[in-house]
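Participant: 3D model of this:
(one chain, ligands or ions: 2)
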Amino acid sequence: MNVHDSEKMSGILKAEGYAEAANTEDADLIIFNTCSIRQKAEQKFRSELGRIKLLKSKNPLLKIAVAGCIAQQRGRDILKRNPHVDYVFGPQNIHKLSAMLTTNAMVCIEDNPEIQHTDLPAERKENLKAWISIMYGCNNFCSYCIVPYTRGRERSRPSQNIYEEIHELADKGFKEVTLLGQNVNSYNSDTNFPGLLRKIEAIKGVERIRFVTSHPRDLSDELISCIKELPKICEHIHLPLQSGSGRILKLMNRGYTYEDYIEKVRKLKESIPSIAITTDIITGFPSETDNDHSITIKALRSIEFDGIFAFKFSSRQGTKAAEMDGEGGRMAEKITSQRLSEILGLQDDITLRKNEALKGTLQEVLVEGASKTDKGKITGRTRTNKIVNFEGNESVIGRLVNVEIRMAMRHSLEGRLTSQSQ
Ligand code: SAH
Ligand code: SF4
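Facilitator: Ligands and ions are numbered 1, 2, ... in the order given. Model prediction:
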């Protein structure tokens, strides 16, 4: 979501006549688009902000802006403590960027209840795959999460705006769109999420549709039927579980039990046997016991996700879980680290096993370009979002091709180009 927000900032700046600097030292404007989901991201930002200070003495014209969720939360404080910062604006105020640059200093962190109507011209670096915002904010208030406080209440963008943006992208040759929202399956404007998907399916030129993130509670049978029926929707769903323990899920305020979750997974696998399911796991949530952790391990073994993102719990000031943390629920760092490496080690084996099961199969791949990791090869992704490297010439870049999988690694597959499907 932040990557796409940065594309919107670039779009605004380009329209104002700005061009991207070759490196930080040459820039007259530096924008930090920050993330506050976990402490680590905040720390990175703070050290970068300190480092950049010197540049201001070298270039008196240089303006520095802090954007994103840290700006939203700590805007005034950042400005007060860092005299080298000129502007601060939150994720709901990106549209004010050009007006802001005409001033000497400004803080824009108020809520924007109409954000869904602010169409911003994104400047995309890629020309094949595009992110599209379909909704903003979140109403879920998972107890550990800062997003509802920084991005505000959930608002869905009118479907017509979304179609227009995708039509334009299709005309420019984009082949794949990824619909973005904190909880895409609760999208609700003049239509619901399945309704939106059906209309996007009909847009000529778009070959693949993806979406992130789906909330397990709101994953409806209607959506499962849509994934099954609509040929352009890719067979991949990111469905964050967070924990296998019902007790922890309740403390997290996730709104589903483990049993609810596996029932949805069962339905998904039954309707769409080839579907890849990925997830997010938080370990070391306040008061998480060895037993809670082993239940999560059991869940990972039993569900066999195609991939996971696993994080150590990070206490975010202002959230409910930060209070639980303060009340003595804090887990020792050593235990959290051990749990995280057990989770990651187990998942590595599962991911490899799942990838190996694809050997000998034919996969549709959208060819993206030269492989970064495998010199001389080209690369793309399967419908299930797995990276495939294979030999082929550049004429197939941008096309859908069939690749036979020959080798499986943890993070990628290797294959042989068979025939072009388009
Ligand atoms: N809206 C999406 C996810 C947004 S944040 C959803 O609900 O699935 C992405 C992931 O970051 C979350 O799924 C969660 O696993 C993780 N996360 C969020 N807040 C966190 C925190 N305080 N500590 C550790 N991980 C966190
Ligand atoms: Fe955060 Fe939960 Fe909303 Fe996702 S659904 S953004 S984890 S509050």
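Participant: count the neighbours of the residue of the stretch 151-300 of the chain found nearest ligand 2 for me.
Facilitator: Closest approach between the stretch 151-300 of the chain and ligand 2, counting by CB to the nearest ligand atom: residue 182, at 3.9 Å. Quick note: C-beta positions are derived from backbone N, CA and C, even for glycine. If you count neighbours by other CB atoms under 10 Å, residue 182 ends up with 21.
Participant: right, and it touches residue 150 too?
Facilitator: No - Residue 182 is beyond contact range of residue 150, at 10.9 Å (criterion: CB atoms under 8 Å).
Participant: now do the same contact list for the residue of the stretch 151-300 of the chain closest to ligand 2.
Facilitator: 1, 135, 137, 138, 140, 147, 151, 154, 213 (CB atoms under 8 Å, 6 or more residues apart in numbering).
Participant: report whether stretch 330-343 contacts ligand 1.
Facilitator: No - for a cut-off given as CB under 6 Å from any ligand atom, stretch 330-343 has no contacts with ligand 1; the smallest distance is 10.4 Å.
Participant: give me the buried positions along that stretch.
Facilitator: In terms of neighbour count (16 or more other CB atoms under 10 Å), stretch 330-343 has its buried residues at 331, 336, 339, 340, 342, 343.
Participant: need the contacts of residue 182 in a markdown table (columns: secondary structure, neighbour count and distance to residue 260).
Facilitator: Below are these laid out as a markdown table (DSSP: H, G, I helix; E, B strand; the rest coil; neighbours: other CB atoms under 10 Å; distance: CB to CB, whole Å):
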| residue | secondary structure | neighbour count | distance to residue 260 |
| --- | --- | --- | --- |
| 1 | coil | 20 | 26 |
| 135 | strand | 24 | 23 |
| 137 | coil | 23 | 24 |
| 138 | coil | 22 | 20 |
| 140 | coil | 18 | 15 |
| 147 | helix | 21 | 22 |
| 151 | coil | 22 | 26 |
| 154 | coil | 19 | 21 |
| 213 | coil | 17 | 17 |
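Participant: and the two most separated of those residues?
Facilitator: Greatest spacing in the contacts of residue 182, by CB to CB: 1 and 140 (15.0 Å).
Participant: hmm, who's touching stretch 325-341?
Facilitator: Outside stretch 325-341, the residues that touch it by CB under 8 Å, 6+ apart are 283, 284, 285, 286, 287, 288, 293, 310, 311, 312, 313, 315.
Participant: ok, residue 360 - contacts?
Facilitator: Applying CB under 8 Å, 6+ apart to residue 360 gives the contacts 404, 405.
Participant: from ligand 1, how far off is it?
Facilitator: According to CB to the nearest ligand atom, to the nearest Å, residue 360 stands 34 Å off from ligand 1.
Participant: that residue should be in a helix, yeah?
Facilitator: No - assigned with DSSP: H, G, I helix; E, B strand; the rest coil, residue 360 falls outside any helix and is coil.
Participant: go back to the contacts of stretch 325-341 and keep what's next to ligand 1.
Facilitator: Near ligand 1, by the rule CB under 6 Å from any ligand atom, you find 311, 313 out of these.
Participant: tabulate the contacts of stretch 325-341 (CSV), appending secondary structure.
Facilitator: Listed next are the contacts of stretch 325-341 as CSV, based on three-state DSSP:
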residue, secondary structure
283, strand
284, coil
285, coil
286, coil
287, coil
288, coil
293, helix
310, strand
311, strand
312, strand
313, coil
315, coil
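Participant: buried subset of the contacts of stretch 325-341, written for ChimeraX?
Facilitator: To isolate the buried members of these in ChimeraX, using 16+ other CB under 10 Å:
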select :283,284,285,286,287,288,293,310,311,312,313,315
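Participant: nearest to ligand 1, of the contacts of stretch 325-341?
Facilitator: For those, the residue nearest ligand 1 by CB to the nearest ligand atom is residue 311; the value is 3.8 Å.
Participant: quick check, that closest one in contact with residue 285.
Facilitator: No - assessed by CB under 8 Å, residue 311 is found out of contact with residue 285, at 10.3 Å.
Participant: that's all I had, so thanks and see you.
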